[in-house]
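> Quick one, what's the 3D model for this:
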Amino acid sequence: MADELKPAYLIAGGDRPKVDRTVARLRIRFDPDAIEVLEAADTTGDDAVAACNVLGLFGAGTRLVVVEGVEAWKAPDAKAVADYLKAPAPGTTLALVGGEMKKDSPLAKAIAGKGELLIWDVVMKAVARWIADQFKLQKTKAEPEACRLLAELVGDDLYELAGEVDKIATWANGADVTEADVEALVAPRAGSPPWALTDAWGARDVGGVLRAAEHMLDRTGDPLSRTIPRLVGSLTTHVRRARTAHRLDEQGMSPQEAAPLLGMRHQFPAQKLFAQVRNYSAEELDSVLIRLAELDHALKGGSRLANELELERALVEITVPA
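Predicted coordinates for the structure are as follows:
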């Protein structure tokens, strides 16, 4: 940011850790008592403008008005900001903070003339490169394979990834981070199975599904009696989401539009999910969910077969083309 403050900033993007750092750097330039923080969900563009104008009437010194979550704002809110910036309050800075936003959105256009756009996105295909950059910030070198594995194990939540990078870099203490280090230090997230398993299932790759499941079971430190039900639970969650994605796809909704409805923060995972479900019919996805429910029953005492065998049989049946 330039030394001379602009009357307004749009600080947004999918790289939330970087967005947070930027907001923090801006806030330290103001007295804490001169900062007002608002939520866009409860604040209109007119409300934000009113806050700027009211603050500008009191006392000497500079003021900062921060509005969080502005990706939820509509065109009238952007127009209110654009009108305000024709004659902004002296000594007041308006910081609009949001998630993923396009640089040609109405709000971005409103800010661009008089303020500054600070928009940082991470293309999900480039998550591994983002991880490598975070290690560099920690003055630690990480192998590309280690970065890719970390993305696979944790997913695309940049907050979680930043936390894992900090943990691993502290442990490495200046040494290079290898794939083996990540494998030893990072556990797969229980909420969703690693991409290797879901990608193989989506591609109807039976061999890939079995290999991915075997790898997951081999690398966990927990007993199989706990690991297998956890794997089945997370896979069931993925398939339920896939069934919803299939329905939204049939309705003509794009992955970008569907992402919030699927509980996904970013468009790229939704695009992957849409590609997966196009390999299955609605009836097949319903059958997969029924088969996973049967597997869950078998794992809870409904079968005399070993849990590993029940899992293997079910994975083959839910993946093999009809």
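> which stretches of the stretch 201-322 of the chain form helices?
Along the stretch 201-322 of the chain, counting by DSSP state H, counting those that start in this stretch, helices occupy 206-219, 224-250, 255-258, 267-277, 282-297, 307-319.
> most neighbours per residue, which of the ones you listed?
helix 267-277 (a mean of 21; mean count of other CB atoms under 10 Å). C-beta coordinates here come from the backbone N, C-alpha and C atoms, glycine included.
> Okay, now the unreliable bits of the chain?
1-3, 55-61, 122-125, 156, 188-194, 219-222, 265-267, 322 (pLDDT under 70).
> before we move on, the earlier item: to I11, which of the helices of the stretch 201-322 of the chain lies closest?
helix 267-277 (20.0 Å; CB to CB).
> Return the distance of the closest one from the chain's centre.
14 Å (CA atoms, centre = their mean, to the nearest Å).
> And the contacts of it?
100, 123-125, 156, 198-199, 201-203, 241-243, 245-246, 249, 255-256, 258-259, 262, 264, 285 (CB atoms under 8 Å, 6 or more residues apart in numbering).
> and if we set it to 6 Å?
Helix 267-277 is contacted from outside by M124, G202, A242, A245, H246, D249, P255, Q256, A258, A259, L262, M264, using CB atoms under 6 Å, 6 or more residues apart in numbering.
> ditto for stretch 255-265
Outside stretch 255-265, the residues touching it (CB under 6 Å, 6+ apart) are R241, A245, L248, Q267, A270, Q271, F274.
> which residues touch the third one?
If I follow you right, that is L248. A258.
> List phi and psi for E116.
With angles defined as degrees, to the nearest 10, E116 sits at phi -140, psi 140.
> ok, back up a step: which pair in the contacts of helix 267-277 spans the largest distance?
Maximum distance among the contacts of helix 267-277 (CB to CB): 20.8 Å, for M124 and H246.
> re the thing from before, tabulate the helices of the stretch 201-322 of the chain in TSV, adding columns for distance to L38.
Output for these, formatted as TSV (distance: least, CB to CB, whole Å):
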stretch	distance to L38
helix 206-219	44
helix 224-250	32
helix 255-258	27
helix 267-277	27
helix 282-297	42
helix 307-319	48
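> For G14, find the nearest of those.
helix 267-277 (8.9 Å).
> the inter-axis angle of that closest one versus helix 282-297?
100 degrees (axes from the mean of the first three to the mean of the last three CA atoms, to 10 degrees).
> Going forward, the N-terminal residue is numbered 269.
Sounds good: first residue 269 from here, last item helix 535-545.
> Run the angle between helix 535-545 and helix 492-518 for me.
Going by the same axes, to 10 degrees, helix 535-545 makes 90 degrees with helix 492-518.
> picking up where we left off before, what is the most widely separated pair among the contacts of stretch 523-533?
Farthest pair in these, by CB to CB: R509 and Q535, 14.8 Å.
> picking up where we left off before, so for L273, which of the helices of the stretch 469-590 of the chain sits nearest?
helix 535-545 (32.5 Å).
> Excluding covalently adjacent residues, which one is nearest to D554?
R511 (7.1 Å; CB to CB, 6 or more residues apart in numbering).
> hang on, isn't that neighbour packed against E552?
No - R511 lies out of contact with E552 (CB atoms under 6 Å); the separation is 9.9 Å.
> Pop out the phi and psi values for L386.
Torsion angles, degrees, to the nearest 10, at L386: phi -130, psi 90.
> tell me the contacts of it?
I279, T290.
> separation between it and V333?
Noted for L386: a distance of 16 Å to V333, by CB to CB, to the nearest Å.
> Quick one: the strands in the stretch 269-418 of the chain, in order.
276-280, 303-307, 331-336, 360-365, 384-387 (DSSP state E, counting those that start in this stretch).
> Next, count neighbours for K568.
Neighbour count of K568, defined by other CB atoms under 10 Å: 10.
> still on that earlier bit, now for the helices of the stretch 469-590 of the chain, which one comes closest to K409?
Going by CB to CB, the one of the helices of the stretch 469-590 of the chain nearest K409 is helix 474-487, 23.7 Å.
> ok, residues contacting the closest one?
By CB under 6 Å, 6+ apart, helix 474-487 touches A464, L465, A468, W469, T495, L583, V584, T587, V588.
> and the angle for that helix with helix 492-518?
140 degrees.
> can I get the CA coordinates of helix 474-487 in CSV?
Provided in CSV are the C-alpha atoms of helix 474-487 (Å, rounded to 0.1, in the frame of the first residue of the first chain):
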residue,chain,number,x,y,z
VAL,A,474,-11.8,-49.1,-9.6
GLY,A,475,-8.1,-49.7,-9.3
GLY,A,476,-7.4,-46.1,-8.3
VAL,A,477,-10.1,-46.2,-5.7
LEU,A,478,-8.7,-49.4,-4.1
ARG,A,479,-5.1,-48.0,-4.1
ALA,A,480,-6.2,-44.7,-2.6
ALA,A,481,-8.2,-46.5,0.2
GLU,A,482,-5.3,-48.8,0.9
HIS,A,483,-2.9,-45.9,1.1
MET,A,484,-5.2,-44.1,3.5
LEU,A,485,-5.5,-47.1,5.8
ASP,A,486,-1.8,-47.9,5.7
ARG,A,487,-0.7,-44.4,6.8
